[in-house]
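Trainee: Following is a predicted model, sequence given first.
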Number of protein chains: 2
Amino acid sequence: MALPRAARTQRRTRIQEAKEEQILEAALEVFSLHGFRGATVDQIAEVAGMSKPNLLYYFRTKETMHRALITRVLDTWLDPLREFDAEGNPVSEIRSYIRRKLEMARDFPRESRLFANEILQGAPNIEDELKGPLKALVDEKAEVIRTWAKAGKIAKCDPYHLIFSIWSTTQHYADFDVQVRAVLGQDNAGEGRFEDAARFLEQLFIGGLNVSEQPSEV
Amino acid sequence: MALPRAARTQRRTRIQEAKEEQILEAALEVFSLHGFRGATVDQIAEVAGMSKPNLLYYFRTKETMHRALITRVLDTWLDPLREFDAEGNPVSEIRSYIRRKLEMARDFPRESRLFANEILQGAPNIEDELKGPLKALVDEKAEVIRTWAKAGKIAKCDPYHLIFSIWSTTQHYADFDVQVRAVLGQDNAGEGRFEDAARFLEQLFIGGLNVSEQPSEV
DNA sequence: TGATAATTTGACCGGTTGGTAAACATTACA
DNA sequence: TGTAATGTTTACCAACCGGTCAAATTATCA
């Protein structure tokens, strides 16, 4: 009756890896829909297709499981921002960042909702990660944007609020999916809504940041 | 031992009105932070400063309470969009709509989070209201925007996604407040962030929708 | 004032929650 | 193969959940 997660001096068993994967997948499904407090361990166990004690053999508490899930998802969630390239063409960098974020909202809505739930409820478990790695990455990219603006390549604007607005507009299609569908109606709520959104957001951001129609102050 | 909410043939007592107010205020506080399933009646009762049975004397179930709260808040929440005036100047109408939404995010963050929680978790209790009154209102205003675009007063764009983007960017400052603060750091996370946001969003939307730099297709 | 209705409360209930104990089954490996 | 480590299950627990009940308290008004 050894505890699997304590035995870290040795390599993890194949079965451990598979089960933990299976559990985190189920946890994502449930946590993203109900939030931390609203989710139940029984529910996650059922989705994972195993008994509750068996699940708790791999993750000793509900919180351990939640924390493991958040940490893992946060990492991949920030990939699009990491790809943001200081050497690239500003307009096309912003354009493809928007596109990547929108694709993630379409393909990984549960991950988006997991964060939204966590942040919405005060981010009790990941405040450190927000103030640490996340802030560091955003600071870095904000500096890139500021450099572009100073060089006159894009309109002068607050880089932090620019990033916020890209986050919010794109993630909206994952987090508020129910509302988006309800408002668009069943005629217009097909998968085409992501392409319509992409077209609109490109127009909005490229137009709003185009240097040509901003008063150049340099 | 009469039931107060059944006695609707007569006028509500002053004490009834006050208590119900008190309860909904507490319910807003708790529901907005934990969502429906995450909130507990005991917690709401404690915040409201009364015993649980006393609370349940006014709202017989947790769901009744939640529904009453949502219905009331949804109504005032849509006020800014109702003020959207077809006869006004397009640019200043959009500008003041953004400003009003941003003020609501600043002054009523709990209301915003209440909806965010509800929508995020699949909107089980308000799907009808989304597909009914909300959709009707948005349809109406979308038609106004489309008219403006056809008249060449603003750039041609998808009016629904325009509204979505205004919703998401402004409500972001209420719903994701913790993240916004964490990223901005304590130096820049003062109340000035709302003014910075207002300035940025104005630039973004007015620039992105300005007809002057859009190829006129008419 | 007194009686009647409205309000408030402590004690309680059945069901669910996160988590545990220990027996049982399976795997890894000498 | 044997045995020790790993994995799984059944039965269970105390705490908490939404909600009820009957008794006690307070407001209303003839």
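Mentor: Arrived safely.
Trainee: A:Thr71 against A:Glu129, yeah?
Mentor: Yes - look at A:Thr71 against A:Glu129 with C-beta atoms under 8 Å: they come within range, at 7.3 Å. Where C-beta positions appear, they are placed from N, C-alpha and C, glycine not excepted.
Trainee: Chain A against DNA strand C: which residues are in contact?
Mentor: A:1, A:13-15, A:39-43, A:52-53, A:56, A:60-63 (C-beta under 7 Å from any atom of the strand).
Trainee: and the least confident helix or strand in chain A by mean pLDDT, how far from the chain's centre?
Mentor: One helix or strand of chain A scores below all others by mean pLDDT, DSSP states H and E: helix A:127-129, with a mean of 88. On the basis of C-alpha atoms, centre = their mean, to the nearest Å, helix A:127-129 sits 15 Å off its chain's mean C-alpha point.
Trainee: Tell me which helix or strand comes right after that helix.
Mentor: With elements assigned by DSSP states H and E, the helix or strand that comes after helix A:127-129 is helix A:135-150.
Trainee: what's the angle between the longest helix along chain A and helix B:14-38?
Mentor: Of all segments of type helix in chain A, defined using DSSP state H, the longest is helix A:14-38. Interaxial angle of helix A:14-38 relative to helix B:14-38 (axes from the mean of the first three to the mean of the last three C-alpha atoms, to 10 degrees): 170 degrees.
Trainee: downstream neighbour of helix A:14-38 in the secondary structure list?
Mentor: helix A:41-48.
Trainee: buried sites along that next one?
Mentor: Neighbour counts using 16 or more other C-beta atoms under 10 Å in any protein chain shown place A:Val41, A:Gln43, A:Ile44, A:Ala45, A:Val47, A:Ala48 of helix A:41-48 among the buried residues.
Trainee: Isn't the fourth one up against A:Tyr58?
Mentor: To tie it back to what came earlier, the one meant is A:Ala45. No - in this structure A:Ala45 lies outside contact range of A:Tyr58 using C-beta under 8 Å: 10.7 Å.
Trainee: per the record, what domains does chain A have?
Mentor: For chain A, the domain assignment from automatic domain parsing gives the residue ranges A:14-73, A:78-211.
Trainee: okay, now the spatially closest residue to A:Lys131 that is not a sequence neighbour: neighbour count?
Mentor: Among residues not flanking A:Lys131 along the chain, B:Ala182 sits closest, at 4.7 Å (C-beta to C-beta, 6 or more residues apart in numbering or on different chains). Number of residues near B:Ala182 (other C-beta atoms under 10 Å in any protein chain shown) recorded here: 23.
Trainee: I'd guessed B:Ala182 sits against A:Glu127; true?
Mentor: Yes - B:Ala182 is in contact with A:Glu127 according to C-beta under 8 Å; the separation is 6.7 Å.
Trainee: if we can go back for a sec, pipe the domains of chain A into JSON lines and attach distance to DNA strand D per row.
Mentor: What follows is these, written out as JSON lines (distance: least, C-beta to the nearest atom of the strand, whole Å):
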{"stretch": "domain A:14-73", "distance to DNA strand D": "3"}
{"stretch": "domain A:78-211", "distance to DNA strand D": "15"}
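Trainee: okay, those in a markdown table with distance to B:Arg106 next?
Mentor: Shown next, in a markdown table, are the domains of chain A (distance: least, C-beta to C-beta, whole Å):
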| stretch | distance to B:Arg106 |
| --- | --- |
| domain A:14-73 | 24 |
| domain A:78-211 | 14 |
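Trainee: how about the helices in chain A?
Mentor: Using DSSP H, helices in chain A cover A:14-38, A:41-48, A:52-58, A:62-77, A:79-83, A:90-107, A:109-120, A:127-129, A:135-150, A:159-175, A:177-188, A:192-209.
Trainee: residue ranges with poor pLDDT in chain A?
Mentor: A:1-13, A:208-218 (pLDDT under 70).
Trainee: one more time with 50, if that's ok
Mentor: In the predicted model of chain A, residues A:1, A:5-11, A:212-218 satisfy pLDDT under 50.
Trainee: Now for the closest residue to A:Ile163 other than its chain neighbours: which residues touch it?
Mentor: In this structure, A:Ile163 finds its nearest non-sequential neighbour in A:Val138, 6.0 Å apart by C-beta to C-beta, 6+ apart. Residues in contact with A:Val138 (C-beta atoms under 8 Å, 6 or more residues apart in numbering or on different chains) are A:Leu81, A:Tyr160, A:Ile163, B:Val183.
Trainee: Same question for A:Lys101.
Mentor: Taking C-beta under 8 Å, 6+ apart, one finds A:Pro80, A:Ile166, A:Trp167, A:Thr170, A:Gln171 in contact with A:Lys101.
Trainee: excluding its backbone neighbours, what's nearest the fourth one?
Mentor: If the residues on either side of it in the chain are set aside, A:Thr170 comes closest to A:Lys101, at 3.9 Å by C-beta to C-beta, 6+ apart.
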